[in-house]
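1. Structure here, sequence nowhere to be found:
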Ligand SMILES: NC(=O)c1ccc[n+]([C@@H]2O[C@H](COP(=O)([O-])OP(=O)(O)OC[C@H]3O[C@@H](n4cnc5c(N)ncnc54)[C@H](O)[C@@H]3O)[C@@H](O)[C@H]2O)c1
């Protein structure tokens, strides 16, 4: 067990990568605190974790809402005493050629993918700094490394997550907090299945990961298996092109 007695918060934990990550961390002994907007989906993940002998709590929280984020983090600290691991995974994608993209779309993607990460960090990091211990894994994207045509806003938001990780990783190193970011290529989740680029990517040779592989990367960064590693980007791709 790599995460015995750890308290791990995962945002967007009801589906896809977040669900796989929550199950993986709980399988290694962590108590998984599941954040998402839909109670029923979170309860289903909680039930699945408990059915396999793990521990989990569900918290309905829209991570774009500062008041909800602060209240939820407060509730977790009250229920569990501390947060050892934070996985900022919640995100959205809406593909639109830039000439058709509305300012509202840009704002919605930035709010969900980048501003929410900042809100979660503002709420969680003070308690980690106080304890001089903490581990944050942010979920970026391959689109952060190489801007994805048709997904300008998404690419920019994820590049922001990488820069935020690097800046804070160095800034909070003296406080004993590690921050790293995973940039996966396409992962076989609903987000990818709905993507207009799915056929193009599949035709270009696959390079599609399953959620379990990304969850393994999250476990690596969230555990002492990556002890000492901070401010880094783990790119999970099958080859180096779109
Ligand atoms: N699937 C891919 O190809 C891929 C590739 C690289 C990165 N990512 C990133 O991985 C992360 C997880 O995506 P996924 O592929 O599992 O897709 P997904 O749509 O299954 O998961 C995203 C989750 O975030 C939740 N969420 C969205 N907005 C939220 C909000 N405001 N408050 C709380 N929860 C919210 C959704 O409800 C959902 O459960 C995202 O950040 C995504 O950008 C995905």
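-> Sure thing, it's come through. Keep in mind that this is a model prediction, so the values were computed, not measured.

2. any idea how far stretch 125-139 is from the chain center?
-> Taking the mean of its C-alpha atoms, stretch 125-139 sits 14 Å from the chain's own mean (Cα atoms, centre = their mean, to the nearest Å).

3. Start and end of it, how far apart?
-> 17 Å (Cα to Cα, to the nearest Å).

4. what does stretch 1-10 give?
-> Using Cα to Cα, one end of stretch 1-10 lies 19 Å from the other.

5. List the contacts of it.
-> 18, 21-22, 25-26, 28-35, 73, 76, 80-87, 89, 124, 219, 222-225 (Cβ atoms under 8 Å, 6 or more residues apart in numbering). Where you see a C-beta, it was placed from the backbone N, CA and C, and this is true even at glycine.

6. Enumerate the positions of it that are buried.
-> In terms of neighbour count (16 or more other Cβ atoms under 10 Å), stretch 1-10 has its buried residues at 2, 3, 6, 7, 8, 9, 10.

7. Tabulate these (TSV), appending secondary structure, pLDDT and distance to the ligand.
-> As requested, these are exported to TSV (DSSP: H, G, I helix; E, B strand; the rest coil; pLDDT from 0 to 100; distance: Cβ to the nearest ligand atom, whole Å):
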residue	secondary structure	pLDDT	distance to the ligand
2	coil	98	22
3	coil	98	20
6	coil	98	21
7	strand	99	19
8	strand	99	16
9	strand	99	12
10	strand	99	10
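
8. And those, which two are furthest apart?
-> 2 and 9 (16.9 Å; Cβ to Cβ).

9. so what does the helix or strand containing residue 136 touch, helix or strand wise?
-> Using DSSP states H and E, residue 136 falls within strand 134-139. When contacts are defined as 3 or more Cβ pairs under 8 Å, 6 or more residues apart in numbering; DSSP states H and E, strand 134-139 sits against strand 85-88, helix 116-131, helix 152-171, strand 177-184, helix 211-222.

10. Let me have those in a markdown table, extended by mean pLDDT and mean neighbour count.
-> A markdown table is the format used below for the helices and strands packed on strand 134-139 (pLDDT from 0 to 100; neighbours: other Cβ atoms under 10 Å):
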| stretch | mean pLDDT | mean neighbour count |
| --- | --- | --- |
| strand 85-88 | 99 | 29 |
| helix 116-131 | 99 | 19 |
| helix 152-171 | 98 | 20 |
| strand 177-184 | 98 | 24 |
| helix 211-222 | 98 | 21 |
